[in-house]
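Visitor: how would this look folded up:
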Amino acid sequence: MVIPVPGAQRAYDDYKYAPARRAGDVLYISGVIAGPAGADGRDVEAFKAQVRNAFRHIQRTLQAEGLTFADVAMINTFHVWDGPGFRGSRDDQFRAFSAVKDEFMSAPHPAWTAVGATGLLAGDGVVEIQMIAHVPKR
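Guide: Numbering: from 1, shown residues only. Got it, this is the predicted structure:
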């Protein structure tokens, strides 16, 4: 189990899930939710900042295992297209998410499945990001 960020131990102890878990040469990173908190904005630029925070969280998890985004083989994203956390179209949301993803990840690109969802655990959550990374032999 990997617990590189504040609050992760609480998630493990209280909710009985590992924020990240290594099995052999694979690192499974549980979903990280991006969306507004409290009075945060719900426009495209605010959403991009929220997605950047989620990617930085994932980046710290990867770094704890000596990995980078280049080691990510699979992304699964779960999008709330019409929820209260984002004001804009589905295309606006996806373009904004993709632009931020590209700030952190370059070729060779991972496999990616994007799924529409009716809601996430965080009520105003807009997207939940899950990743699977290959841990190369050193």
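Visitor: Show me what the top helix by length along the chain is packed against.
Guide: Longest among the helix segments of the chain by residue count, using DSSP state H, is helix 44-64. With contacts taken as 3 or more CB pairs under 8 Å, 6 or more residues apart in numbering; DSSP states H and E, helix 44-64 sits against strand 26-34, helix 90-104, strand 127-134. C-beta: built from backbone N, CA, C; applies to glycine.
Visitor: If we use 10 Å, what do you get?
Guide: helix 8-15, strand 20-23, strand 26-34, strand 72-79, helix 90-104, strand 127-134 (3 or more CB pairs under 10 Å, 6 or more residues apart in numbering; DSSP states H and E).
Visitor: neighbouring strands for the last one, and are they parallel or not?
Guide: The one in question is strand 127-134. strand 26-34 (antiparallel), strand 72-79 (antiparallel) (DSSP bridges).
Visitor: How far off centre is that strand?
Guide: Taking CA atoms, centre = their mean, to the nearest Å, the mean C-alpha location of strand 127-134 is offset from the chain mean by 6 Å.
Visitor: cool, and the third one?
Guide: Its chain's C-alpha centre lies 6 Å from the corresponding centre of strand 26-34 when counted by CA atoms, centre = their mean.
Visitor: swap in the shortest one?
Guide: Taking CA atoms, centre = their mean, the mean C-alpha location of strand 20-23 is offset from the chain mean by 16 Å.
Visitor: Restrict that strand to CA atoms and write it as CSV.
Guide: The C-alpha trace of strand 20-23 is given here as CSV (Å, rounded to 0.1, in the frame of the first residue of the first chain):
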residue,chain,number,x,y,z
ALA,A,20,-3.0,3.3,-4.0
ARG,A,21,-1.9,-0.3,-3.9
ARG,A,22,1.0,-2.1,-5.6
ALA,A,23,0.5,-5.6,-6.8
